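Trainee: When you get a sec, could you give me coordinates for this:
(one chain, ligands or ions: 1)
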Amino acid sequence: MNNHVTEFISAYMDGELSEEEARHVEAHLQECQSCQEQLDDLLSIKAQMAAAYQSIDLPDGIAESVMTVIHQEEKERTRHHSLTKWAVFIPVVLAALFLLIQLTPGFYFGMSFASTLFNISLSIFHAVTVIISSLPYVLSMVVVIAGLIIAISIWSLRRLLETRTIFDD
Ligand SMILES: [Zn+2]
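Mentor: The predicted model follows:
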């Protein structure tokens, strides 16, 4: 028997083969002592490993500790995932909200109200600019008056300080 099933024995042992493959391996094992011995060896190794694993004295609660760590990592991953989800979700929601508001008739009222306010303030600003630019005389008068007021203030302050020094002496 030349077509040995060596490479399939491990998979056969673990039940990883398809029904057809398993049947083929089984048929071969019936006739080939070499492959049957290999299977026996593998089975014995597996049994020894299982026994060795069971003989390891694990500290009490180690399974619980491992599971706690796994759960914590899972929780953290979920939180990170939800954070990134929110980072994408928020702008989408805002965009959708903006579209919705734009499509709502109330928005037009709000928009017209806002634009009316804007137009009024723009008109006031324009009027003030026109008054100032068309009346440079008024502006210069205001500057002169302001300068006079400042000069008078400084003069009276100096007088006040001078009087103080006189009183101090
Ligand atoms: Zn064989």
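
Trainee: how does this structure divide into domains?
Mentor: Listed by automatic domain parsing, the domain ranges of the chain are 6-57, 61-103, 107-132, 135-169.

Trainee: okay, these, which one's buried deepest?
Mentor: A comparison of those by mean neighbour count, using mean count of other CB atoms under 10 Å, puts domain 6-57 on top with a mean of 12. (Each C-beta comes from the backbone N, C-alpha and C, glycine too.)

Trainee: Run the contact check for that one versus the ion.
Mentor: Yes: judged by CB under 5 Å from the ion, domain 6-57 comes into contact with the ion through 32, 34-35.

Trainee: and that domain, how far apart are its ends?
Mentor: 35 Å (CA to CA, to the nearest Å).

Trainee: same check, this time on stretch 7-21
Mentor: One end of stretch 7-21 to the other measures 12 Å (CA to CA).

Trainee: Which residues does that stretch contact?
Mentor: By CB atoms under 8 Å, 6 or more residues apart in numbering, the residues outside stretch 7-21 that reach it are 5, 22, 24-26, 35, 38-39, 42-43, 46.

Trainee: how far is it from where the chain is centred?
Mentor: Distance, stretch centre to chain centre, for stretch 7-21: 46 Å (CA atoms, centre = their mean, to the nearest Å).

Trainee: go on, stretch 21-38?
Mentor: Worked out by CA atoms, centre = their mean, stretch 21-38 lies 57 Å from the chain centre.

Trainee: One more: stretch 57-65?
Mentor: Centre-to-centre, stretch 57-65 and its host chain are 36 Å apart (CA atoms, centre = their mean).

Trainee: The chain should start at 3 in everything you say after this.
Mentor: All right, first residue 3 from here; so that's stretch 59-67.

Trainee: want to throw the contacts of stretch 9-23 into a markdown table with pLDDT, distance to Ala153 and secondary structure?
Mentor: Shown next, in a markdown table, are those (pLDDT from 0 to 100; distance: CB to CB, whole Å; DSSP: H, G, I helix; E, B strand; the rest coil):
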| residue | pLDDT | distance to Ala153 | secondary structure |
| --- | --- | --- | --- |
| Val7 | 93 | 114 | coil |
| Ala24 | 96 | 111 | helix |
| His26 | 95 | 114 | helix |
| Val27 | 95 | 113 | helix |
| Glu28 | 95 | 117 | helix |
| Cys37 | 95 | 117 | helix |
| Gln40 | 94 | 114 | helix |
| Leu41 | 95 | 114 | helix |
| Leu44 | 92 | 110 | helix |
| Leu45 | 92 | 112 | helix |
| Lys48 | 89 | 107 | helix |
